[in-house]
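Peer 1: Give me the fold of what follows.
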Amino acid sequence: MTTCRALFAGTLAIAMLSLISACQTTPRPWASPESLQKGQQAFLSYCAMCHGDGGDGDGELASTLQQSGVVVARLSSAASMQKLGYLGVRKVIVQGGAHTGRSNIMPAWGERLPDDLISAIAAYVMTLSDKTPAIPEATVRKYLAAPAGVPDEGRRVFVHYCAACHGPFGRGDGTYAEALRVQHNIRPRDLTDSTYLAQKTDEQLFATISLGGAHVGKSNFMPAWSVSLSPEQIKSLASYIREISRTSPRP
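Peer 2: Numbering: from 1, shown residues only. As a prediction, the model looks like this:
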């Protein structure tokens, strides 16, 4: 009898765990290409003006909001999105910031958009961290805390740390450039390329130099210079790159 009771209890426990697990499983509507496409279109229409096209918190209104003390959420942060989960993201969209412990600037879209469209937006948001790795908050804090870069100082740092690959004038023709091309099919970035550099924000330049190429989907032969250089030096490097690429600062 005791054995039967133990067996029954064990079976019941397993069944309960399976039921709980099933109830907690996060829906994955983002598996549907149609849902993702619909969500992307809606995201660009309703959300990108603040959160940015890639969810990096750098939309057209983000800098204005920041001056008012409002920090726009980075939806490309894998850690943040995993913590919230699909249902959490959907809840924030439906209820807005004021009802979910966030800024009241974030609208309650549940009052304006149909339910299926909100689901599609939430599904799309859950894919953003896969598209563009977010800049870690610690790196962002260092960027914001460092003073404005000085191009002349950046030039001195560049000669010692960057010219070997990128060349003395940043054209991607340094001493090691040919070996990288032949042995690894990698070409150091031409930092005088105005078209490419004009698309990058100062924060992105700072992050690439700080974290290295692998973090931003580029070559892992580009080192993470935060190990050797201070945030002030990295910011000066970025300002020097702006100078040789003839591009304007993009805070």
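
Peer 1: C-alpha from now on. contacts and neighbour counts both.
Peer 2: Will do.

Peer 1: do you know how far residue 164 is from residue 148?
Peer 2: Using CA to CA, to the nearest Å, residue 164 is found at 26 Å from residue 148.

Peer 1: neighbour count winner among the two?
Peer 2: Neighbours per residue (other CA atoms under 10 Å) separate residue 164 from residue 148, with residue 164 holding more: 18 against 13.

Peer 1: Show the backbone phi and psi for the more buried one.
Peer 2: Here is the backbone geometry of residue 164 (degrees, to the nearest 10): phi -60, psi -30.

Peer 1: separation between it and residue 170?
Peer 2: Note on residue 164: its distance to residue 170, by CA to CA, is 10 Å.

Peer 1: go on, residue 224?
Peer 2: Going from residue 224 to residue 170 by CA to CA gives 18 Å.

Peer 1: Looking at the two, which is more packed in?
Peer 2: Counted by other CA under 10 Å, residue 224 and residue 170 do not tie: residue 170 has more neighbours, with 23 against 18.

Peer 1: Helix or strand: which one has that one?
Peer 2: Residue 170 is part of no helix or strand when elements are defined by DSSP states H and E.

Peer 1: ditto for residue 85
Peer 2: helix 78-95.

Peer 1: could you pull out the helices for the stretch 101-250 of the chain?
Peer 2: For the stretch 101-250 of the chain, helices defined by DSSP state H, counting those that start in this stretch occupy the ranges 115-125, 128-131, 137-145, 151-161, 163-166, 177-184, 194-197, 202-211, 231-245.

Peer 1: Could you say which of those helices is packed most deeply?
Peer 2: Among the helices of the stretch 101-250 of the chain, helix 231-245 has the highest mean neighbour count (mean count of other CA atoms under 10 Å), at a mean of 24.
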